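[1] Compute the structure for the input listed below.
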Amino acid sequence: PRPRSHAESRLMSQGITFSLRWDMWGHTLDDLAHAKTRMTQPWATLRALGLYKLNDADWGIDYVTGGSMRMANFQMGFTDEELSAWIESGGFPWLPKFLQGEVNLETEGWPEYYIGTV
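    Numbering: from 1, shown residues only. Reported below is the predicted structural model:
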């Protein structure tokens, strides 16, 4: 999720920014130099979820870790309305539906979705 439409100068812990697409999480600058092999599907999704990386690559901060930091601090992108929109848009597009968490939007939120997905 992108920051609201005002200038954003804050950084989350670990020095990461709000501006990454979900499938860019987990990658490093070295991965950008080798994007044709390291940042293609299904590797990008598996890497973003912290599930798999190629042997010659290093781990970056994955989406689950970054998202958990944002949930813990009630930051943008992790409100109940945004979870509903995320699920309605298909969630993780390259992750089969049976691997994605199911939540009751009336009583549950991002933590339950994450636990169900991971």
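[2] contacts and neighbour counts: CA atoms only from here.
    Will do.
[3] Can you list the neighbours in contact with the helix or strand of the chain with the lowest mean pLDDT?
    The helix or strand of the chain with the poorest confidence is helix 63-72; it has a mean of 79 (mean pLDDT, DSSP states H and E). The set of residues external to helix 63-72 that reach it, using Cα atoms under 8 Å, 6 or more residues apart in numbering, is 12-13, 22-23, 25-26, 48-50, 76, 78, 110-111, 114.
[4] Just flag the most distant two among those residues.
    Maximum pairwise distance in the contacts of helix 63-72, criterion Cα to Cα, is 21.5 Å, between G50 and M76.
[5] more neighbours, those two?
    G50 (20 against 14; other Cα atoms under 10 Å).
[6] just checking, that one touches W43?
    No - in this structure, G50 is not within contact of W43 by Cα atoms under 8 Å, at 10.4 Å.
[7] tell me the pLDDT at E108?
    Looking at E108, its pLDDT reads 86.
[8] How many residues are close by it?
    12.
[9] before we move on, what about I61?
    19.
[10] E108 is in contact with L83, correct?
    No - using Cα under 8 Å, L83 makes no contact with E108, being 10.0 Å away.
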